[in-house]
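J.: here is my input; please provide its structure:
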Amino acid sequence: MPSAKVAVTIEDKLLREVDRWVASGEYPNRSRAVQDGLLSLREKRARRRRLLRELARLDPAEERGLTEEVLRDEVRWPAR
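T.: Numbering: from 1, shown residues only. Okay, here's the model as predicted:
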(Lines give C-alpha, C1' and ligand atoms only; values in the text may rest on other atoms or scores of the structure.)
Protein backbone atom coordinates (compact mmCIF):
# COMPACT_ATOMS: atom_id res chain seq x y z
CA MET A 1 0.00 0.00 0.00
CA PRO A 2 1.40 3.45 -0.85
CA SER A 3 2.53 5.60 2.04
CA ALA A 4 2.54 9.35 2.60
CA LYS A 5 4.90 11.33 4.76
CA VAL A 6 3.20 13.55 7.38
CA ALA A 7 4.34 15.73 10.24
CA VAL A 8 2.67 15.34 13.62
CA THR A 9 3.16 16.93 17.02
CA ILE A 10 3.48 14.48 19.91
CA GLU A 11 3.94 15.16 23.62
CA ASP A 12 7.54 14.66 24.74
CA LYS A 13 6.63 11.93 27.22
CA LEU A 14 4.77 9.92 24.59
CA LEU A 15 7.59 10.33 22.08
CA ARG A 16 10.09 9.03 24.65
CA GLU A 17 7.90 5.98 25.12
CA VAL A 18 7.75 5.40 21.37
CA ASP A 19 11.52 5.76 21.22
CA ARG A 20 11.86 3.11 23.95
CA TRP A 21 9.71 0.75 21.87
CA VAL A 22 11.97 1.35 18.89
CA ALA A 23 15.16 0.96 20.96
CA SER A 24 13.89 -2.32 22.44
CA GLY A 25 13.12 -3.68 18.97
CA GLU A 26 9.36 -3.74 19.46
CA TYR A 27 9.08 -1.54 16.35
CA PRO A 28 11.66 -0.95 13.60
CA ASN A 29 11.08 2.83 13.68
CA ARG A 30 8.79 5.59 14.94
CA SER A 31 6.67 5.54 11.81
CA ARG A 32 5.75 1.89 12.27
CA ALA A 33 4.89 2.46 15.93
CA VAL A 34 2.59 5.38 15.07
CA GLN A 35 1.07 3.44 12.16
CA ASP A 36 0.37 0.46 14.44
CA GLY A 37 -1.28 2.77 16.96
CA LEU A 38 -3.51 4.29 14.29
CA LEU A 39 -4.47 0.87 12.94
CA SER A 40 -5.36 -0.27 16.47
CA LEU A 41 -7.46 2.85 16.99
CA ARG A 42 -9.26 2.27 13.69
CA GLU A 43 -10.08 -1.32 14.68
CA LYS A 44 -11.25 -0.26 18.15
CA ARG A 45 -13.56 2.34 16.63
CA ALA A 46 -14.94 -0.17 14.12
CA ARG A 47 -15.67 -2.66 16.95
CA ARG A 48 -17.42 0.10 18.90
CA ARG A 49 -19.58 1.03 15.89
CA ARG A 50 -20.53 -2.64 15.39
CA LEU A 51 -21.42 -3.00 19.07
CA LEU A 52 -23.54 0.16 19.02
CA ARG A 53 -25.41 -1.11 15.94
CA GLU A 54 -26.11 -4.41 17.71
CA LEU A 55 -27.21 -2.66 20.89
CA ALA A 56 -29.60 -0.47 18.91
CA ARG A 57 -31.31 -3.63 17.65
CA LEU A 58 -32.10 -4.92 21.15
CA ASP A 59 -35.60 -4.59 22.55
CA PRO A 60 -35.34 -3.26 26.13
CA ALA A 61 -38.62 -4.86 27.19
CA GLU A 62 -37.56 -8.25 25.86
CA GLU A 63 -34.13 -7.97 27.51
CA ARG A 64 -35.75 -7.00 30.83
CA GLY A 65 -38.07 -9.99 30.58
CA LEU A 66 -35.20 -12.37 29.88
CA THR A 67 -33.20 -10.94 32.76
CA GLU A 68 -36.11 -11.20 35.16
CA GLU A 69 -36.71 -14.77 34.07
CA VAL A 70 -33.11 -15.77 34.82
CA LEU A 71 -32.67 -13.72 37.98
CA ARG A 72 -36.22 -13.97 39.26
CA ASP A 73 -35.46 -14.26 42.96
CA GLU A 74 -31.80 -13.23 42.95
CA VAL A 75 -31.73 -9.59 41.85
CA ARG A 76 -34.46 -6.98 41.50
CA TRP A 77 -34.51 -5.03 38.21
CA PRO A 78 -33.60 -1.37 38.84
CA ALA A 79 -36.56 1.02 38.93
CA ARG A 80 -36.56 3.92 36.50
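J.: tell me the SS of Arg50?
T.: helix (DSSP: H, G, I helix; E, B strand; the rest coil).
J.: centroid-nearest residue for the protein?
T.: Lys44 (3.2 Å; Cα atoms, centre = their mean).
J.: what's the local residue count around Asp36?
T.: 13 (other Cβ atoms under 10 Å). In this view, the C-beta of every residue, glycine as well, is placed from N, C-alpha and C.
J.: for the strand or helix carrying it, packing partners?
T.: Per DSSP states H and E, Asp36 falls inside helix 30-57. Under the contact criterion of 3 or more Cβ pairs under 8 Å, 6 or more residues apart in numbering; DSSP states H and E, helix 30-57 touches helix 12-23.
J.: quick one, the helix it packs on and helix 30-57 angle?
T.: 110 degrees (axes from the mean of the first three to the mean of the last three Cα atoms, to 10 degrees).
J.: run through who's touching helix 12-23.
T.: Residues outside helix 12-23 that contact it (Cβ atoms under 8 Å, 6 or more residues apart in numbering) are Ile10, Tyr27, Pro28, Asn29, Arg30, Ala33, Val34.
J.: quick check: buried residues in it?
T.: For helix 12-23, the neighbour count (16 or more other Cβ atoms under 10 Å) marks Val18, Val22 as buried.
J.: relative to the whole chain's centre, how far out is it?
T.: 22 Å (Cα atoms, centre = their mean, to the nearest Å).
J.: pLDDT of that helix, averaged?
T.: For helix 12-23, the mean pLDDT works out to 98.
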